[in-house]
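**Student:** Sequence below, structure please.
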Amino acid sequence: MAEADDKARRLAEARAELARAAAAPEEGRAEPVTVEAAKGRIRVTLGADGRVAEIVADPKAFKEGTDYIAEHVLTAVNEALGKRAAMVTAADAVPDLDAINESLAAVQDAGVRQLQAFSASISQVMAKLGRNG
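**Tutor:** Next up, the predicted model:
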């Protein structure tokens, strides 16, 4: 059973490493994107998660009216989304490390239970053989 214990230990170490990776900011993850429109009067920032983090409108832009602001916010958001899409391609997508860790935990738990059942069965067989031998 030393081999099974070693495998269980290695799987636990791998899960711990995966948990550390999930908790730490990843290199290669997209960085925030900031885009300006309306000659710098409108600024939109997408956060590292890809969601709109901030919209800033210079008070001078309000003199142009709400349609002007809406048009340029829309332009800035679309440009930021385009830049974001160029930064993060399908090949660069970061897997859901927490989901992988949860799956590994379930596999590990099931494996340990199964190994314990095998070990108990082998012990029972060995005990019977010892009595009959």
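**Student:** Look at Thr45 and give its secondary structure.
**Tutor:** Here Thr45 is strand, with the state taken from DSSP: H, G, I helix; E, B strand; the rest coil.
**Student:** Could you pick out the longest helix of the protein?
**Tutor:** Identified as the longest helix of the chain according to DSSP state H is helix 97-132.
**Student:** List the buried residues of it.
**Tutor:** 97, 101, 104, 108, 112, 115 (16 or more other CB atoms under 10 Å). Heads up, the C-betas are built off the backbone N, CA and C, glycines and all.
**Student:** Ok, stretch 81-91 next?
**Tutor:** 81, 84.
**Student:** Off-centre distance for that stretch?
**Tutor:** Stretch 81-91 sits 16 Å away from the centroid of its parent chain (CA atoms, centre = their mean, to the nearest Å).
**Student:** do stretch 122-133 as well
**Tutor:** That offset, for stretch 122-133, works out to 49 Å (CA atoms, centre = their mean).
**Student:** taking the mean pLDDT, what do you get for it?
**Tutor:** The pLDDT scores in stretch 122-133 average 84.
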